[in-house]
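Peer 1: what follows is a predicted structure for the sequence shown.
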Protein chains: 2
Amino acid sequence: MKKIFSFGENNSVELLQEHMPVIKSSPLFIGASEKEINSMLTCLGGTIAKCDKDKYIFHANDNITDMGLVLSGSLRLERNDYWGNRSILSYVGRGEIFGEVFACEPLLSTSISAVANEESMILFMNVQRIATMCGNNCIYHSQLIHNLLSVMAKKAYMLTSKINHVSKRTTREKLLSYFSEQVLLSGSTEFSIPFSRQELADFLSVNRSAMCVELSKMQTDGIINFNKNRFELLTDENPM
Amino acid sequence: MKKIFSFGENNSVELLQEHMPVIKSSPLFIGASEKEINSMLTCLGGTIAKCDKDKYIFHANDNITDMGLVLSGSLRLERNDYWGNRSILSYVGRGEIFGEVFACEPLLSTSISAVANEESMILFMNVQRIATMCGNNCIYHSQLIHNLLSVMAKKAYMLTSKINHVSKRTTREKLLSYFSEQVLLSGSTEFSIPFSRQELADFLSVNRSAMCVELSKMQTDGIINFNKNRFELLTDENPM
DNA sequence: AAATATCGGTTGTAAATATAACAAAAGGTG
DNA sequence: CACCTTTTGTTATATTTACAACCGATATTT
């Protein structure tokens, strides 16, 4: 990994201009102007680094102080268990942030690593400095804190929600739990889902094939209708 | 729910003294002095309210702006699905905080409600004001932000970790995933768990009885040893 | 249009799980 | 200690799931 840019220093303006659109649209900086972003990133000790494919961005048990924003490329978060089994937790794409959990709570020295999936550009920011208000005229600092809290709140909500689905005992219950949420979110008994069958099965931690069987049964039972990725909940009665 | 105390006003000192030990030891204010806490809570528009048993502290789809700290008593977080099925997500006891997710991201107008399990005293704090630095000489404000970020990071870590266990397909894999984490956390292949069998089964979303069967099998197979709540992992080989 | 790949649905079978019912062990109380 | 309650372990059985293998539909490539 090679640092190629530091905010607050004399740098190539081109590189910055290239990546500014991603920064501007990221959840951390949404609504801020370029000038404000520059000011904030100077405040946060922002640096941009390039990471080659399959190189580690951080490693399990590293002491992490910075969170990252993927400017280009993508990376994956991996977990290693006691026996060295590696499993992929998630992919982090362009515009998404990562590492905020470990940067906010360094004691969670962790079994989790971040690896570049391809050649990637990463913007690193020091979280300690986000929490610590600077004395400068960095008036958007509190907006930044607000944004970070918002990002973490959304993540916690998403995780809680997923646990709710996955904790159900049968595939049918898992599906209905997920569908119920979609109905409540969309405000309609008809909704589209952003998953392929395989992705939905992975999300709910069930076998794709078994899930397809269950979906068909539910349609036969008159509980749901579906066509491709569009679903409809047909029952006002508790189907369980 | 009845407000009985507001920080920054002339209030009964007794009530404050009664609950100060809980506040001081809560994760939000850990390390702060009583004077600092008073200053911060004035800053945050802190109020103390009493809530009777089985009364709602907040209701699904309320617009939540405050997070809470349980000073005495306890409450439960409930979720209602589309069909009105109510399930209990968690219990929140003395010294614990709740509602921070919704207060940080009000758009998550939610299917989740908080209900008093018994007569309870709750300290409410405005999260918007946590994120927004006050102009006062409230020097511990950034410590507070830091603490809040830390709390949310720990929660996200805990949730991610639980998803990792629950997402495994078989009971044995779920158990081993959990045990592996305990080994990594404790740094030893021997560890104690804070769950009864029923609680562990609920945590891993499996049937208690089936889990007991699996635990016995694993002992027979020479993968683990256990006695009451003390477990030992016996294998350096990947048991799966 | 033929070849290829991807995706969704189906089937049969082996494996795993939930469930109920019960027994044994542990803990608490008068 | 005797009694009761709670927790943990065991067994048998019905249900549910995973898995592999296959087919057909759809989309993509050449």
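Peer 2: Here it is on my side, so go on. Numbers count the residues shown, from 1 in each chain, chains lettered A, B, ... in the order given.
Peer 1: relative to helix B:141-166, how tilted is the lengthiest helix in chain A?
Peer 2: Once chain A is assigned using DSSP state H, the helix that runs over the most residues is helix A:141-166. With axes from the mean of the first three to the mean of the last three CA atoms, to 10 degrees applied, the angle from helix A:141-166 to helix B:141-166 works out at 20 degrees.
Peer 1: quick check, the helix or strand following helix A:141-166 touching chain B?
Peer 2: Using DSSP states H and E, the helix or strand that directly follows helix A:141-166 along the chain is helix A:171-186. Yes. Judged by CB under 8 Å from any CB of the partner chain, helix A:171-186 comes into contact with chain B at A:176, A:177, A:179, A:180, A:181, A:183, A:184. C-betas here are computed from N, CA, C, even on glycine.
Peer 1: pLDDT, neighbour count and distance to DNA strand C for those residues - can I get that in JSON lines?
Peer 2: JSON lines is the format used below for these (pLDDT from 0 to 100; neighbours: other CB atoms under 10 Å in any protein chain shown; distance: CB to the nearest atom of the strand, whole Å):
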{"residue": "A:176", "pLDDT": "96", "neighbour count": "25", "distance to DNA strand C": "15"}
{"residue": "A:177", "pLDDT": "95", "neighbour count": "23", "distance to DNA strand C": "15"}
{"residue": "A:179", "pLDDT": "96", "neighbour count": "24", "distance to DNA strand C": "14"}
{"residue": "A:180", "pLDDT": "95", "neighbour count": "21", "distance to DNA strand C": "19"}
{"residue": "A:181", "pLDDT": "94", "neighbour count": "19", "distance to DNA strand C": "20"}
{"residue": "A:183", "pLDDT": "94", "neighbour count": "19", "distance to DNA strand C": "19"}
{"residue": "A:184", "pLDDT": "91", "neighbour count": "18", "distance to DNA strand C": "23"}
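Peer 1: show me the two of the residues you listed that sit farthest apart.
Peer 2: Between any two of the residues of helix A:171-186 next to chain B, the greatest separation by CB to CB is 12.4 Å, found for A:176 and A:184.
Peer 1: can you list residues touching both of the two?
Peer 2: Shared contacts of residue A:176 and residue A:184, defined by CB atoms under 8 Å, 6 or more residues apart in numbering or on different chains, are found at residue B:81.
Peer 1: ok, back up a step: give me the distance between the longest helix of chain A and the centre of its chain.
Peer 2: Averaging C-alpha coordinates over helix A:141-166 and over its chain gives two centres that are 10 Å apart (CA atoms, centre = their mean, to the nearest Å).
Peer 1: what residues does chain A put near DNA strand D?
Peer 2: By the criterion of CB under 7 Å from any atom of the strand, the positions of chain A lying close to DNA strand D are A:169, A:170, A:171, A:172, A:205, A:206, A:207, A:209, A:210, A:211, A:213, A:214.
Peer 1: tally up the residues packed near the closest residue to the fifth one other than its chain neighbours, please.
Peer 2: Meaning residue A:205. Closest residue to residue A:205 apart from its sequence neighbours, by CB to CB, 6 or more residues apart in numbering or on different chains: residue B:167 at 4.2 Å. When counting by other CB atoms under 10 Å in any protein chain shown, one arrives at 20 neighbours for residue B:167.
Peer 1: domain assignment for chain A?
Peer 2: Structural domains of chain A, as assigned by automatic domain parsing, span the residue ranges A:2-155, A:168-233.
Peer 1: just put those in a markdown table and tack on distance to residue B:109.
Peer 2: Formatted as a markdown table, the entries for these read as follows, by distance: least, CB to CB, whole Å:
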| stretch | distance to residue B:109 |
| --- | --- |
| domain A:2-155 | 13 |
| domain A:168-233 | 10 |
